[in-house]
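Undergrad: everything below, folded, please.
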Amino acid sequence: MGKISVSRFIAAPPKRVFEIATGFEHAVERITSIKSMEVLTGGEIRKGTQFRFTRSASGQEFSAEMTIAAVESPKWYQVGCTCEGHRYDARLRFEPDGSGTNFVLELAWTPLTLTARLMAAFTDGKIKKGVKACDQDLDELKYAAEQPAAAKAA
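TA: You can find the predicted model right below:
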């Protein structure tokens, strides 16, 4: 099992940052590494919300179908998927911090198959290299949340 955590201070209130981060229908416009995004369930984000996306990271492209496991708007949500023999779970927290938000992304992965367990060291290294992609995602979400147009829409 592996785990990484990245965070970013965003000069916007938690409610706005949460709305930007859960605006899955706008993900392709906001995050350059996301190549496609399809929301599979309608309505507001809730437990059971599903979406499918394709993204690039570390020079490779992959797709996954994600499901929201739990949510407490606008404080946090947890999303996960099973992909290529692994279970991936991400918890995104939106913590008030003075005049803005401390946005924290925690990603954990667990190998589920024998092959995945045998490749664990390789997978851990590959995902940890992917932290650069997570940093870029947070920078892009920060940019979107701090824009004046986002403030009016939120």
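
Undergrad: what segments of this structure are strands?
TA: For the chain, the strands defined by DSSP state E occupy 2-10, 34-39, 50-57, 60-72, 76-83, 86-97, 100-111.

Undergrad: check which residues of the last one are buried.
TA: Burial within strand 100-111, assessed by neighbour count using 16 or more other CB atoms under 10 Å, is assigned to Gly100, Thr101, Asn102, Phe103, Val104, Leu105, Glu106, Leu107, Trp109, Thr110, Pro111. Bear in mind the C-beta positions are built from the backbone N, C-alpha and C, glycine included.

Undergrad: show me what it is packed up against.
TA: Where contact means 3 or more CB pairs under 8 Å, 6 or more residues apart in numbering; DSSP states H and E, strand 100-111 is packed against strand 2-10, helix 14-21, strand 86-97, helix 120-129, helix 131-146.

Undergrad: then the longest one?
TA: Judged by 3+ CB pairs under 8 Å, 6+ apart, the packing partners of strand 60-72 are strand 50-57, strand 76-83.

Undergrad: thinking again about what came up before, in the buried residues of strand 100-111, find the pair that's most separated.
TA: Gly100 and Pro111 (36.8 Å; CB to CB).

Undergrad: so which of the helices and strands packed on strand 100-111 is nearest Lys75?
TA: strand 86-97 (6.1 Å).

Undergrad: what lines up beside the closest one in the sheet?
TA: strand 76-83 (antiparallel), strand 100-111 (antiparallel) (DSSP bridges).

Undergrad: what does stretch 98-108 contact?
TA: Residues outside stretch 98-108 that contact it (CB atoms under 8 Å, 6 or more residues apart in numbering): 1-14, 16-17, 21, 88-96, 127, 134, 137-138, 141-142, 145.

Undergrad: can you select the buried ones from these in ChimeraX?
TA: Buried members of these, defined by 16+ other CB under 10 Å, are picked up in ChimeraX with:
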select :2,4,6,8,10,12,13,14,16,17,21,88,90,91,92,93,94,127,134,137,138,141,142,145
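
Undergrad: contacting residues for the closest residue to Ile20 other than its chain neighbours?
TA: Leaving aside its sequence neighbours, Ile20 sits nearest to Ala145 (CB to CB, 6 or more residues apart in numbering; 4.5 Å). If you count contacts by CB under 8 Å, 6+ apart, Ala145 has them with Ile10, Ala12, Arg16, Val17, Ile20, Ala21, Thr101.

Undergrad: with Pro111 instead?
TA: Contact analysis of Pro111 by CB under 8 Å, 6+ apart lists Met1, Gly85, His86, Arg117, Met119, Ala120, Thr123.
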